[in-house]
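# Quick one: sequence plus predicted model below, questions after.
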Amino acid sequence: MIQAALKSDNGNLQYHALSVLKEWSPSFSEQPTIHEIIKNIATLTKDKEDRQLAKHLLNNHVDNRTT
């Protein structure tokens, strides 16, 4: 369901899915498929809040790999 919301063209669904991922264990957003979708949102979406939240998740992913 989260993956479908992230892939959606609906900005509200994307934002809520990203918000959920922010609260969940990083292991979910680190799954390759989900991680790739988050990278696409961080670079391609026009919505500033969605981009910022996606970038936050990506930064946490990098932080978790270095610790």
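Noted; the coordinates are in hand. Numbering: from 1, shown residues only.
# List the contacts of the closest residue to S8 other than its chain neighbours.
Spatially, and ignoring its direct neighbours in sequence, S8 is nearest to Q14 (6.1 Å; CB to CB, 6 or more residues apart in numbering). In this view, the C-beta of every residue, glycine as well, is placed from N, C-alpha and C. Contacts for Q14 were tallied using CB atoms under 8 Å, 6 or more residues apart in numbering; they are A5, L6, S8, I41, T45, D47, D50.
# do Q31 as well
Q31 neighbours (CB under 8 Å, 6+ apart): none.
# Quick check: it vs H16, distance?
According to CB to CB, to the nearest Å, Q31 and H16 sit 18 Å apart.
# one step back: go through the strand or helix carrying the residue nearest to S8 and flag the buried ones.
Per DSSP states H and E, Q14 falls inside helix 11-23. Under the neighbour-count criterion of 16 or more other CB atoms under 10 Å, helix 11-23 has L13, Q14, Y15, A17, L18, L21 buried.
# hang on, the earlier thing: of the contacts of Q14, grab the buried ones for ChimeraX.
The ChimeraX command for the buried members of these (criterion: 16+ other CB under 10 Å) is given here:
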select :5,6,41,45,50
